[in-house]
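1. Quick one, what's the 3D model for this:
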Amino acid sequence: MEPELPSPPRVIVGVDESPASRWALAWAIGAARLRRMPLVAVHVSRAPVHPFPEALPVHHAIRLDEDDRSAEVVERAFDEVAGGMPPDVETVVVTRLGPPGHHLVELAEEGDLLVLGRGRRTLLARILLPSTSIYCARYAKATVVIVRQPSPPDEPEKSWSERQRRFWKL
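-> Prediction:
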């Protein structure tokens, strides 16, 4: 059963196990504090979804197990970023199964702030998995903030043209 969501405006943040997601969560916590808005942390698992999960007992068990794992992912992210759920911010955790972009766009309404992380992806990952942040930027009615994962200190920042040359050499 999904928790009752606060009414807009609110800060909605996509949370997964990536470092970019941790940066987005930290930014979202700060934005929720600054704007005194509730925070909705969303983890969407890409586990296979069947239209009638009750018809397949095995699939139903997988779905229940995936919900528990999703809640653990969000809890671990809050522990790493803020030492647990921030007591001064109203926080709701939502877990879903399916395509992340679709669910995030569905949750984010006009007036909300949708926060996503943007990490580094290999060419193969770009081909096999569509970009959630691009999907959300294209279709969301809410304001979308994409937080970029910072470069490591020993790696110099490359210009756009250098990144393009490297991309096309592959």
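2. For the rest of this, base every contact and every neighbour count on C-alpha atoms.
-> Will do.
3. for this structure, which spans come out with low pLDDT?
-> 1, 47-64, 121-128, 153-170 (pLDDT under 70).
4. now do 90
-> By pLDDT under 90, the weakly predicted segments of the chain are 1-8, 18-19, 45-71, 96-100, 118-135, 148-170.
5. ranges for the strands of it?
-> Counting by DSSP state E, the chain has strands at residues 11-14, 39-45, 91-97, 113-118, 143-148.
6. Do a quick rundown of the helices in the protein.
-> 19-35, 57-82, 100-107, 123-128, 132-139, 160-169 (DSSP state H).
7. hmm, back to that, looking at the strands of the chain, which is buried most?
-> Stretch with highest mean neighbour count among the strands of the chain: strand 11-14 (a mean of 28; mean count of other CA atoms under 10 Å).
8. What strands flank that one, and is each parallel or antiparallel?
-> strand 39-45 (parallel), strand 113-118 (parallel) (DSSP bridges).
9. Let me know which of those strands is the nearest to Asp88.
-> strand 39-45 (10.7 Å; CA to CA).
10. how big is the angle separating that closest one from helix 19-35?
-> 160 degrees (axes from the mean of the first three to the mean of the last three CA atoms, to 10 degrees).
11. quick check: angle from strand 39-45 to helix 100-107?
-> Using the same axes, to 10 degrees: strand 39-45 against helix 100-107 is 150 degrees.
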